[in-house]
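Colleague: predicted model, plus sequence, below.
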Amino acid sequence: MYYFIINPNSRSGKGALIWRDLENILRERNIKYQTFFTEYKGHAVKLSASITASIPEDSQIKLIAVGGDGTIQEVLSGVKDISRVIFGYIPTGSGNDFCRSMGLPFDPFEALRSILENRRTISMDVPVLHLGSHSYRFGISAGMGYDAAICQEVLITPGKKFLNRLHMGKLIYLMVALKQFLFLTPSSVTVTLNGKEPQTFQKTWFAAVMNQKYEGGGFKFCPDASPDDGLLDVIVIEGISKLKMLFCLPGALWGKHTHLRGVHILQCKDVHITSDHSLPVHKDGESGGIQREFSVTIEKKPLKIIMPVL
């Protein structure tokens with residue numbers, strides 16, 4: 001039995017159309033499955049919690065997220081016990097950093113084929129973002145500052161759906177990134193790795209905790225990050241001018257930014273990050289509100305991911 005949690009509004013409503021064609025394949029092949037459609041932001045957390053609340057002892061279920069990177073974050077956050085889940089992902093969003101990093105198919109139909117074959121799985125570390133009294137699992141990254149400010153503004157920008165329908169969604173990100181670049185003021189950020197001596201970075205553009213190589217729709221911010229090494233990769237960009245940032249960001253698309261002065265990449269098992277004033281925070285590209293601090297740890301047990309055959 002496959003349990004599908006579907007975000008029909010992903011890619012500005014195209015998710016529903018893609019699912020219709022995917023479901024035809026399931027019916028043609030007489031696959032046993034159940035579907036659960038999200039109706040509002042955060043709904044996938046509740047659906048996932050309900051599905052996984054009563055898994056029998058010593059058994060696992062196949063739980064499939066159909067949507068964008070944010071849908072993955074919600075589904076993982078709702079799972080009661082990740083060791084009881086074999087997770088699959090069908091991309092119908094626009095960012096696709098999870099697929100890009102994990103080597104999963106970008107094509108939804110190829111993704112479904114791999115899931116139904118289920119011939120190969122790997123284990124993935126699952127980070128947990130702690131914000132105040134709330135905790136959220138994520139698959140890609142969580143961050144504070146410039147990248148989070150872009151994510152938050154894009155979510156409320158008029159015209160996003162229209163441009164997505166014209167396959168010009170990246171234009172919104174570019175416009176918002178330019179605006180934030182011009183008006184954002186870098187902040188002092190303190191990073192504490194594994195509970196040891198804090199490190200303070202002045203004039204920080206952003207700090208991101210990454211489980212994957214890519215975030216932000218294709219930026220290879222942590223080229224050496226691995227989702228199964230038991231470590232978090234932390235990138236901090238600080239103390240560089242706006243002119244230098246103009247050269248840094250394009251280079252990050254290919255991971256060529258790491259040698260620049262002011263770019264710091266650290267590794268740890270847990271991290272606590274604080275800012276001298278409140279900043280936007282994101283979790284897999286979804287808003288985490290305006291915060292002064294957050295922590296990230298790693299779940300004790302890894303998650304099994306269905307992968308394509310090599």
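Modeller: Sure thing, it's come through.

Colleague: so how far is stretch 301-310 from its chain's centroid?
Modeller: Distance of stretch 301-310 from the chain centroid (CA atoms, centre = their mean, to the nearest Å) equals 16 Å.

Colleague: ugh, wrong one, I meant stretch 180-196
Modeller: Averaging C-alpha positions (CA atoms, centre = their mean) puts stretch 180-196 20 Å from its chain's average.

Colleague: can you list contacts of that stretch?
Modeller: The contact list for stretch 180-196 (CB atoms under 8 Å, 6 or more residues apart in numbering) reads 144-146, 149-150, 153, 198-205, 207, 234, 236, 238, 242, 245, 266-277, 279. Every residue, glycine included, has its C-beta placed from N, CA and C.

Colleague: if any of those residues are buried, put those into a ChimeraX selection.
Modeller: Buried residues among the contacts of stretch 180-196 (16 or more other CB atoms under 10 Å), as a ChimeraX selection:
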select :144,145,146,149,150,153,201,204,205,207,234,236,238,245,266,267,268,270,271,272,273,274,275,279
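
Colleague: helices - which of the contacts of stretch 180-196 land there?
Modeller: Among those, DSSP state H puts 146, 149, 150, 153, 242, 245 in helices.

Colleague: any chance of the residues you listed in CSV, plus distance to residue 22?
Modeller: Below are those laid out as CSV (distance: CB to CB, whole Å):
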residue, distance to residue 22
146, 36
149, 35
150, 31
153, 32
242, 44
245, 41
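
Colleague: let me know the closest of these to residue 55.
Modeller: Among the ones in helices among the contacts of stretch 180-196, residue 150 lies closest to residue 55 (CB to CB), at 37.5 Å.

Colleague: OK, contacts around the closest one?
Modeller: Contacts for residue 150 (CB under 8 Å, 6+ apart) come out as 173, 176, 177, 180, 216.

Colleague: and what of residue 90?
Modeller: By CB under 8 Å, 6+ apart, the contact list for residue 90 reads 22, 64, 65, 66, 108, 111, 112, 115.

Colleague: cool, and residue 49?
Modeller: Residues in contact with residue 49 (CB under 8 Å, 6+ apart) are 78, 79, 80.

Colleague: let me know the helix or strand that it is in.
Modeller: Using DSSP states H and E, residue 49 falls within helix 43-52.

Colleague: could you give the mean pLDDT of that helix?
Modeller: Averaging pLDDT along helix 43-52 gives 98.

Colleague: what's the local residue count around residue 133?
Modeller: Look at residue 133: counted by other CB atoms under 10 Å, it has 5 neighbours.

Colleague: now residue 18
Modeller: 20.

Colleague: what helix or strand is it located in?
Modeller: Using DSSP H and E, residue 18 sits within helix 14-28.

Colleague: between helix 43-52 and the helix or strand following that helix, find me the angle.
Modeller: On the C-terminal side of helix 14-28, the closest following helix or strand by DSSP H and E is strand 33-37. Interaxial angle of strand 33-37 relative to helix 43-52 (axes from the mean of the first three to the mean of the last three CA atoms, to 10 degrees): 150 degrees.
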